[in-house]
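**Student:** here is the input, now give the coordinates:
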Amino acid sequence: MIIKDMLKLESPFKRKLNENNEYLVTPEIEEGYEWVFNGDENEVLATEKLDGTDVSIIIEGGKITRIFNRTNEIPFFNKGKKWITEAVLNSYERGYCDFSDGQYFGEVIGPKVNGNPYQLNEHLWIPFETYCREHLAYKSWHKYPKTFENIKKTSATTP
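**Tutor:** Residues are numbered from 1 along each chain as shown. Below you'll find the model as predicted:
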């Protein structure tokens, strides 16, 4: 099996530096990202962005056989990143890993990841294909015109 790295999606809007050397999003759409605004419900899904680390699992014969952080394999028994293995095990116990054979992507969140913004007591692997689709998707994405102004109005503002 060829191990893939999760594609990093950038903002579909062009960004420009302001006079304070900060990026600001503009209404211009980046080349190649038109599909975000033109796709239907079966092609485009907008979800909450998790503040974690990218991890994929490989399932073979109905069992999790390998874990990857990007393209770096994480051994099941390790001292440096056992929290990644624990995250997958915790998610498995919650029923988040019921997949057929293949590679599946998700995000590990928890106490040792990015300052633990979700205040979790344990690490969890959150699969994009199931959990994010079912629990973190914006149900309104296809109900309103996808214009820069509409998105700007409904997005969280930064302090």
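
**Student:** what's in contact with the lowest-mean-pLDDT helix or strand in the chain?
**Tutor:** For the chain, counting by mean pLDDT, DSSP states H and E, helix 148-154 ranks last in confidence among helices and strands (a mean of 78). Applying Cβ atoms under 8 Å, 6 or more residues apart in numbering, the external contacts of helix 148-154 come out as F13, T26, P27, S140, Y144. No exception for glycine: its C-beta is placed from N, CA and C like everyone else's.

**Student:** assign a three-state SS to the residue sitting furthest away from the middle of the chain, would you?
**Tutor:** The outermost residue of the chain, judged against the average C-alpha position, is E19 (31.3 Å), by Cα atoms, centre = their mean. Three-state call for E19 (DSSP: H, G, I helix; E, B strand; the rest coil): coil.

**Student:** partners of the helix or strand harbouring K14 in the sheet?
**Tutor:** Using DSSP states H and E, K14 sits in strand 13-17. The strands beside strand 13-17 in its sheet (DSSP bridges) come out as strand 23-29 (antiparallel).

**Student:** can you map out the helices along this structure?
**Tutor:** 35-38, 82-93, 148-154 (DSSP state H).

**Student:** list the buried residues of the longest one.
**Tutor:** By 16 or more other Cβ atoms under 10 Å, the buried positions in helix 82-93 come out as K82, W83, I84, T85, E86, A87, V88, L89, N90, S91.

**Student:** can I see the domain layout of this protein?
**Tutor:** When the chain is parsed with automatic domain parsing, its domains come out as 13-46+143-154, 53-136.

**Student:** how about low-confidence regions in the protein?
**Tutor:** Across the chain, the ranges flagged by pLDDT under 70 are 154-159.

**Student:** strands of that one, start to end?
**Tutor:** For the chain, the strands defined by DSSP state E occupy 13-17, 23-29, 53-60, 63-69, 72-74, 102-109, 124-127.

**Student:** mind exporting the third one as CSV, just the C-alpha atoms?
**Tutor:** Below are the C-alpha coordinates for strand 53-60, written out as CSV (Å, rounded to 0.1, in the frame of the first residue of the first chain):
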residue,chain,number,x,y,z
THR,A,53,-2.1,17.2,14.4
ASP,A,54,-2.7,15.2,11.2
VAL,A,55,-2.7,11.4,11.8
SER,A,56,-3.8,8.6,9.5
ILE,A,57,-4.5,5.0,10.2
ILE,A,58,-4.1,2.0,8.0
ILE,A,59,-6.7,-0.8,8.3
GLU,A,60,-5.9,-4.2,6.8
